[in-house]
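Chemist: Give me a model of this one.
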Amino acid sequence: MNKKMFTNLCYVMTIVLMIIGQFGSEAIAETITPTVAGDDPGITITATNPITSKQLVQVDVSIASTAGTITEDGVVKVTIPKVIVNSQSDLVNKLVIGDPFYLDDPAVTYDENGDYVLNLAYDHTKYDPNDAQGNTVKIIFDAPYMDSTSSDFPDSVDFSADMYMGSELISSDKTTSEVKVTVPGNPLLQKYGVRSYGTVDGKYSSIIEKDDPSRNIFVIVVNYNQQSIQNAKIVDTIPEGTELYDPYRHIPATGDDSIVNHFRIAKVTERRSDGIATGWEYVTTDFSDKIHITDTGFTIDFGDLTPDDSYVIMYAQKITGDPTAEEFGARYNKVVLTSDDAAVMEQGTYMALQEVKYDSVNLNKEVSQATLASNSGDLIYTLTFKNNIGDTKIGTTLTDPLPDHITFIETTENTSGYLSDVNYDAETNSISYDLLKELPEGEQISVSFKVHYENPEAQPGETIVNKAYFNYAGTNIGSKDATTTLDGSAYLYKTDEETQNPLSGAEFKVIDSEGATVTEGLVSDENGFINSGLLQPGEYEFIEVKAPDGYQLDSTPIKFTVVAGQDTPINLTMTNKEKEAVKGSVQLTKVDSKSKKVLSGAEFTLVSSDGERIQEGLTTDEQGNIVVSNLDSGDYQFIETKAPNGYQLDATPVQFTINEDDDTIVLVTKENTSNPEETESSTTTDDSTTESSKEIVKETTEETTSETSSETENTNQENETIVSKLKKVLPKTGEQLSSVLVVGAGVSFVGIAVYLFKKNR
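Modeler: Below is the predicted model of the structure:
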């Protein structure tokens, strides 16, 4: 392969790798799983289905979250097809919303398709971090009039919701609703409400209102199919709790639109080729004497109807009193067409009040004990379910999967009447309670149950963690963790008997009522603290097996009792006395270096390791001994300050140590070398030598103090210095003593000569 071919091949391989790399990126992007309903936190969207002409459409956006999972402010973006909304203002004006949600600014924007995007912001600080929480925002709007003559309406529409926490998309959902258009017809008799329709108590009802009764318009269509009816009459029965009311205008009719006895009546004047009415003229005044109000409704006499006589009757209804939507329910409004007082056809429609509320529910869980100081005991858990506002669903299940080492015993409190008896699943070790009826707004119910904890291997610091769940809009959400922390069954605090200061280093074991060791090697820490660990219920004793340094051992048992379910450790204290100090003793024996004969009359000074003169003028007795008692432990040294008569002074320190807690007498020996010969000047020499030795002791102790105050490691150097100085002054050879005698004699001679010289003058 030539060089050029190799280069070209490299180029080709590079291009191929780049292409493969692009494919790889696309593959990775396609594997991303979108967030869906059931996330936690999770969002779910549902909508009226199907959607019909002039219908009141409701889109529910539910947000479910486990306790503590909403940690930032965010927004929920709801996309609503523009084609299905009659008026954009409905999206804001009819919105049912509550804490923690509010309308963002701007409230409504548009997506790339021109559809509406409703922006619902939420404040995370208004979520209780201890509770599972479900909330449902309800978006309500009127659908436009839709009939089969128009091609502007699709067969279905899609709604979607995206939930963001901060800038992160955390959950998404979508739903599809079928669109059903009205097929215009020419009925003989028809009655309907102009207001939007919704389902109340299972009845498809015209939703009327209390505040503006003129909007509660009902329409009766008569003879649109152009029949001949002899002596025709309309007999209408209005629902109980309502009365007739003047309506607003409804159709674009010509002529006098005056209202007679709450009615407008218009006659069809124009039709399409398929017979559908397209034009009307008001003829109300023509029937002013034919409209009769009755106790139960009204009648209108039309006389003989021909194929050219087709009418529209329009009136409004007002609700009397102030019933709630639940009290009013769905009520039927009936009309009958008669001919010669015989019923020809009956039609009717339901009417209802509808109070749409924001929904918000919470679930909380608590445990009876925050701590458990035994590896066996009972706990009480309490579940509290609250309906903050809106509706709750019958059949909602509160579920509690129990953790390891926990066994269900019984329900201890369930008196609300809203929850079922407990359902226990032994296979999963979980319990549940079902909501039997709707919980009123603002009410809460609680259920409590007992469990048993048993774990011989449990250790202090471990936790028993449990939470309860319920399903809200497709998402299982959990309460906060109900946590019980395991602690030691007993605490022992070790202190000094006098100062009450904590003592570390004391070692204990724990025995049970039969004397068996349960745990051992328990050592008090710097706070004097000992934790027994988790124990089974029973009788126990702490036994001290080793005292803190410097203290007396006290093996007196410290008794305590552990009970089942104990919630806090038992606090115990124990003091120790300091050991009584054992004083030491030392005996120094002075002997002749050659004969080993004991020597009396030698004087010594006892000096401590820090240079302090403990005793001075210590003189060997007839047995050549000096005995010093009552000494604290430590290092000491004897320094000779006066030799026995006829012996050379040796100021080399005699070092010894008094050991702690040891009363054995320490024996040391000091030898002395005798002078070569006794002279008359020996006394003078001895005196001057003694003084010189005293100076050496003084110098030695001062230097020792100085050196000791800096560092104890210089002790050896101090001793070497002392020995060196003593050797310079009083070496054991006796040569220095002879020199001193010579010098002394010389000084005496000069002194005598000076005296005689002065006397002769």
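Chemist: In this structure, what residue spans correspond to helices?
Modeler: Applying DSSP state H to the chain gives helices spanning 3-30, 90-93, 325-328, 682-710, 715-729, 735-760.
Chemist: Show the average pLDDT along the first one.
Modeler: Throughout helix 3-30, pLDDT has a mean value of 42.
Chemist: Equivalent analysis for stretch 69-79, please.
Modeler: Per-residue scores along stretch 69-79 average to 97.
Chemist: neighbouring contacts of that stretch?
Modeler: By C-beta atoms under 8 Å, 6 or more residues apart in numbering, the surrounding residues in contact with stretch 69-79 are 40-41, 43, 45, 59, 61, 63, 101, 104, 111, 115-124, 127, 137, 139, 158-166, 170. No exception for glycine: its C-beta is placed from N, CA and C like everyone else's.
Chemist: Now with 6 Å, please.
Modeler: 41, 61, 104, 111, 115, 117-124, 127, 160-166 (C-beta atoms under 6 Å, 6 or more residues apart in numbering).
Chemist: In contact with residue 490, which residues?
Modeler: Contacts of residue 490 (C-beta under 6 Å, 6+ apart): 532, 560, 569, 570.
Chemist: what bridges to the closest residue to residue 338 other than its chain neighbours?
Modeler: Among residues not flanking residue 338 along the chain, residue 233 sits closest, at 4.9 Å (C-beta to C-beta, 6 or more residues apart in numbering). Judged by DSSP bridges, the bridge partners of residue 233 are residue 301, residue 338.
Chemist: Tell me who's in contact with residue 233.
Modeler: Taking C-beta under 6 Å, 6+ apart, one finds 299, 301, 338 in contact with residue 233.
Chemist: Mind splitting the protein into its structural domains?
Modeler: Segmentation of the chain into domains, based on automatic domain parsing, reads 1-32, 42-180, 189-353, 359-486, 490-576, 584-743.
Chemist: for the stretch 551-700 of the chain, what spans make up the strands?
Modeler: 558-562, 570-576, 584-592, 603-608, 613-619, 625-631, 634-642, 654-658, 666-672 (DSSP state E, counting those that start in this stretch).
Chemist: scratch that, the stretch 201-350 of the chain is what I was asking about
Modeler: Using DSSP E, counting those that start in this stretch, strands in the stretch 201-350 of the chain cover 203-208, 217-222, 229-237, 242-245, 263-271, 277-282, 291-293, 297-305, 311-319, 330-339, 342-353.
Chemist: which strands and helices sit next to the first one?
Modeler: Using 3 or more C-beta pairs under 6 Å, 6 or more residues apart in numbering; DSSP states H and E as the contact criterion, the neighbours of strand 203-208 among helices and strands are strand 197-200, strand 342-353.
Chemist: strand partners of the last one, parallel vs antiparallel please.
Modeler: I take that to be strand 342-353. Counting by DSSP bridges, strand 342-353 is paired with strand 203-208 (parallel), strand 330-339 (antiparallel).
Chemist: can you pull the buried residues of the first one?
Modeler: The neighbour-count criterion (16 or more other C-beta atoms under 10 Å) identifies 203, 205, 206, 207, 208 as the buried residues of strand 203-208.
Chemist: Over to the longest one?
Modeler: By neighbour count with 16+ other C-beta under 10 Å, strand 330-339 contains the buried residues 330, 331, 333, 334, 335, 336, 337, 338, 339.
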